[in-house]
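**Student:** This is a predicted model, with the sequence first.
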Amino acid sequence: MNDTKNRYVTVLWEARAKAGREAEMKAIMTAAVTPSRNDLGNIDYEAHEVEGKPGTFIIYERWEDQDALDRHLNAPRMQKLVPQLLELMEGSIEEGIRLLKPFRPAQ
């Protein structure tokens, strides 16, 4: 088993589309999945729509370390994506971000 020793970074991001903009937001988020998975240092990148809450989306992503996440967030395509998402979603991107800290049993 690969020992990550809690170095990896897990992000859970939840966002809600503005009324009538759900399909547009879902399409933009869908288009971001494959390029994000191909970013250096990506372990996992999955997009979800919350069951029973159309227009509420969650991205679950894991990165080898903070540097990998920072490279992803600063990629030119992400810099173009953020303004598009802000136009389609309620609230801010930061409001929906949760950084998860892993913990494991001691052997």
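**Tutor:** Structure received.
**Student:** where along this structure do the helices fall?
**Tutor:** Taking DSSP state H as the test, the helices found in the chain are 22-37, 66-74, 76-88.
**Student:** Output the below-cut-off pLDDT ranges for the protein.
**Tutor:** Within the chain, the stretches with pLDDT under 70 are 1-6.
**Student:** mind running it again at 80?
**Tutor:** Per-residue confidence for the chain (pLDDT under 80) gives these ranges: 1-6, 107.
**Student:** that older thread, can you put the helices of the chain in TSV and add distance to residue 100 and mean neighbour count?
**Tutor:** Any C-beta I mention is one placed from the backbone N, CA and C, and that applies to glycine too. Conversion of the helices of the chain to TSV gives the following (distance: least, C-beta to C-beta, whole Å; neighbours: other C-beta atoms under 10 Å):
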stretch	distance to residue 100	mean neighbour count
helix 22-37	17	15
helix 66-74	12	15
helix 76-88	20	13
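**Student:** Residue 53 is nearest to which of these?
**Tutor:** Taking C-beta to C-beta as the criterion, helix 22-37 is the member of these that comes nearest to residue 53, at 10.4 Å.
**Student:** what's the distance between the closest residue to residue 10 other than its chain neighbours and residue 21?
**Tutor:** When the adjacent residues along the chain are set aside, residue 10 lies closest to residue 100, with 4.0 Å between them (C-beta to C-beta, 6 or more residues apart in numbering). Taking C-beta to C-beta, to the nearest Å as the measure, residue 100 falls 28 Å from residue 21.
**Student:** With neighbour numbers in mind, choose between these two.
**Tutor:** In this comparison of residue 100 against residue 21, neighbours counted by other C-beta atoms under 10 Å, the higher total goes to residue 21 at 16 against 12.
**Student:** hang on, the earlier thing: would you convert the helices of the chain into JSON lines that also reports distance to residue 60?
**Tutor:** As requested, the helices of the chain are exported to JSON lines (distance: least, C-beta to C-beta, whole Å):
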{"stretch": "helix 22-37", "distance to residue 60": "11"}
{"stretch": "helix 66-74", "distance to residue 60": "13"}
{"stretch": "helix 76-88", "distance to residue 60": "17"}
